[in-house]
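J.: The sequence and its predicted three-dimensional model are supplied below.
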Amino acid sequence: MSNLNTSQTGPKKKISFIIREEHETLHRAAVSALQYDPKSGRLFTGGSDTIIRTWSVPLHKDAFSARGGVRPGKHSPVQYQSSLEQHTDWVNDMVLFGNGRLLMSASNDTTVKIWNIERDNKHRYVDCIRTHKDYVSCLAYASGVEKAISASFDNNIFAYDINANFKTVNNFTGCKDSIYSIATTPNMSIVLGGGTDKCIRVFDPRTNDKPIKLRGHTDNVRALLINDDGTRAISAGSDATIRLWDIGQQLSIDTCIAHEEGVWTLQVDSTFTNIYSAGKDKMVLKTPTSDFRKSQLLFHENAPVKKLLLSEREHPSSIWVGTWKSDINRWSIRPSEQLSIGFDEEGPSTSSAYAPSPPNTSPQSDKRPRMKEHPVQQTRPELVIKGLKIEYSTY
């Protein structure tokens, strides 16, 4: 009989893992998806910890005090409601539809999931769409025809009929590489898709013709917006530029170069008048579509910005920000409402009333103008939702 040596002579190996709380109400890492329902005052947040969380947000600013405390007789500024825990990988995007009754989420687990969120604290998992074969990166909603759209790193864009139990009604093909951004009009007359091949494809769902290509970006197209009549579009890229497009002429008619690093997220008001942008450089800018040379620095975040969301598109008064950290901040964007409201004293802040010009990183600095100094709208966010990661190690 042979002797078996079962002793281990190799070095000890360290194993690290995260132990989550039984009821974990805060995010542990990057927040990349935001949706807000102003009618019910509910905020939905998702990110790299795979969990979608629901928060009750006060509809009136007088519900909370300037230093994070709560005035007598008032409710807490932000209250955790519930978690949606069916995804097994990053949550990349979300859309609300059905008059705030349904939520759609896209994830790196290759699925699109539907949730019934009609009741505040009793959300229900409804359905799972498995049309994609790779990370599902972004979603869009055509509110006029009740269609939802998803795009993926598998180069495919699918459209679903919400009223027909999410039946797949279109498959837009032609993208040659991973898709990072999509946009559509309310009646889904045009669908835009952009990604790592540096161009924007314009699809016509009515004809299924070969898509038109809009060229101009020199790197990944990370965000897209389109106006309601489908005549103008806005794009943002990892090349640190924002571009305004004339869809009919198939031309880039203006370019914003105010950001110093990649631009990852965009928002625009209902009149397509002002663009709000952010990304890797941590700056949140406001730029009028009438003149891309007049970008205003609203504030600096404390980490690269993954997602922006206006509290309302008509006459927006505040903006939600999700970053690579687990915090979620709401900032006032009205000069007449410069508030300093939050959960604690550790929110993003600046040391003076003016934000300094960001440094020029290009060796040809004369070709990229410096950002002019503008008054920061406020020195702290109105609301702060802070997350905490707990790590346990053993040998």
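T.: Cool, the structure landed. Residues are numbered from 1 along each chain as shown.

J.: okay, and the helix or strand of the protein with the least pLDDT?
T.: Between all helices and strands in the chain, the lowest mean by mean pLDDT, DSSP states H and E belongs to strand 391-394, at a mean of 43.

J.: what about N171, how many neighbours?
T.: Counted with other C-beta atoms under 10 Å, residues neighbouring N171 total 11. For every residue, glycine as well, the C-beta is placed using N, CA and C.

J.: Which residues are in contact with the nearest residue to it once chain neighbours are set aside?
T.: Nearest non-adjacent residue to N171, counting by C-beta to C-beta, 6 or more residues apart in numbering: F158, 5.6 Å away. By C-beta atoms under 8 Å, 6 or more residues apart in numbering, the contact list for F158 reads 131-132, 149-151, 168, 170-172.

J.: same check, this time on H315
T.: H315 sits in contact with D269, where contact means C-beta under 8 Å, 6+ apart.

J.: Mind checking what secondary structure it has?
T.: Three-state assignment for H315 (DSSP: H, G, I helix; E, B strand; the rest coil): coil.

J.: same check, this time on N163
T.: Under three-state DSSP, N163 falls in the helix class.

J.: distance of it from L96?
T.: With the distance defined as C-beta to C-beta, to the nearest Å, N163 ends up 16 Å from L96.

J.: What of W331?
T.: 21 Å.

J.: Those two: which has the busier surroundings?
T.: A count of neighbours by other C-beta under 10 Å puts W331 above the other of W331 and L96, at 24 against 18.

J.: My guess is the more buried one contacts S318. True?
T.: Yes. Using C-beta atoms under 8 Å, W331 makes contact with S318 at a distance of 6.2 Å.

J.: And the strands in the stretch 1-150 of the chain, which stretches?
T.: 15-18, 31-37, 42-47, 52-56, 79-84, 91-97, 102-107, 112-116, 124-129, 136-142, 147-152 (DSSP state E, counting those that start in this stretch).

J.: got a list of contacts for the second one?
T.: Defining contact as C-beta under 8 Å, 6+ apart, one finds that strand 31-37 is touched by 42-48, 52, 57, 90-96, 100, 103, 105-106, 306-309, 311, 320, 322-323, 326-328.

J.: tell me the secondary structure for the residue nearest the centre of the chain?
T.: Nearest residue to the geometric centre of the chain (C-alpha atoms, centre = their mean): K307, 2.8 Å. Under three-state DSSP, K307 falls in the strand class.

J.: residues contacting it?
T.: 31-34, 265, 320-322.

J.: Swap in 7 Å and give it another go.
T.: The contact partners of K307, by C-beta atoms under 7 Å, 6 or more residues apart in numbering, come to 31-34, 265, 322.

J.: hang on, the earlier thing: mind checking which of the strands of the stretch 1-150 of the chain is nearest L225?
T.: Among these, the nearest to L225 by C-beta to C-beta is strand 136-142 (10.1 Å).

J.: pLDDT weak spots in the chain?
T.: 1-9, 18, 20, 59-76, 120-121, 335-380, 382-384, 386-395 (pLDDT under 70).

J.: at 80 what do you get?
T.: Along the chain, the model assigns pLDDT under 80 to residues 1-10, 16-23, 58-77, 119-123, 208, 334-395.

J.: quick one on the thing from earlier: can you say which of the contacts of strand 31-37 are buried?
T.: Buried residues within these, counting neighbours by 16 or more other C-beta atoms under 10 Å: 42-48, 52, 57, 90-96, 103, 105-106, 306-309, 311, 320, 322-323, 326-328.

J.: so which of the strands of the stretch 1-150 of the chain comes closest to D197?
T.: Taking these one by one with C-beta to C-beta, strand 147-152 is closest: 13.1 Å.

J.: Would you give the sheet partners of the closest one, along with the direction of each?
T.: When pairing is defined by DSSP bridges, strand 147-152 lines up against strand 136-142 (antiparallel), strand 157-161 (antiparallel).

J.: how about that strand as PDB, C-alpha atoms only?
T.: Extracted in PDB, the C-alpha atoms of strand 147-152 (Å, rounded to 0.1, in the frame of the first residue of the first chain):
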ATOM      1  CA  LYS A 147     -42.800  50.500 -25.900                       C
ATOM      2  CA  ALA A 148     -39.600  49.800 -24.000                       C
ATOM      3  CA  ILE A 149     -36.100  49.300 -25.600                       C
ATOM      4  CA  SER A 150     -33.000  47.600 -24.300                       C
ATOM      5  CA  ALA A 151     -29.400  47.500 -25.700                       C
ATOM      6  CA  SER A 152     -26.500  45.200 -24.900                       C
END
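
J.: contacting residues around it?
T.: So strand 147-152 is in contact with 95, 97, 104, 106, 112, 132, 134-141, 157-162, 179, 182, 184, 188, 191, 193, going by C-beta under 7 Å, 6+ apart.

J.: same question, stretch 177-190
T.: Here stretch 177-190 has contacts from 137-138, 140, 142-145, 147, 149, 151-153, 155, 157, 159, 191-197, 202, 204-205, 220-226, 228, 230, 233, 247, using C-beta under 7 Å, 6+ apart.

J.: Could you give the separation of it from the chain centroid?
T.: Centroid separation for stretch 177-190 versus its chain: 15 Å, with C-alpha atoms, centre = their mean, to the nearest Å.
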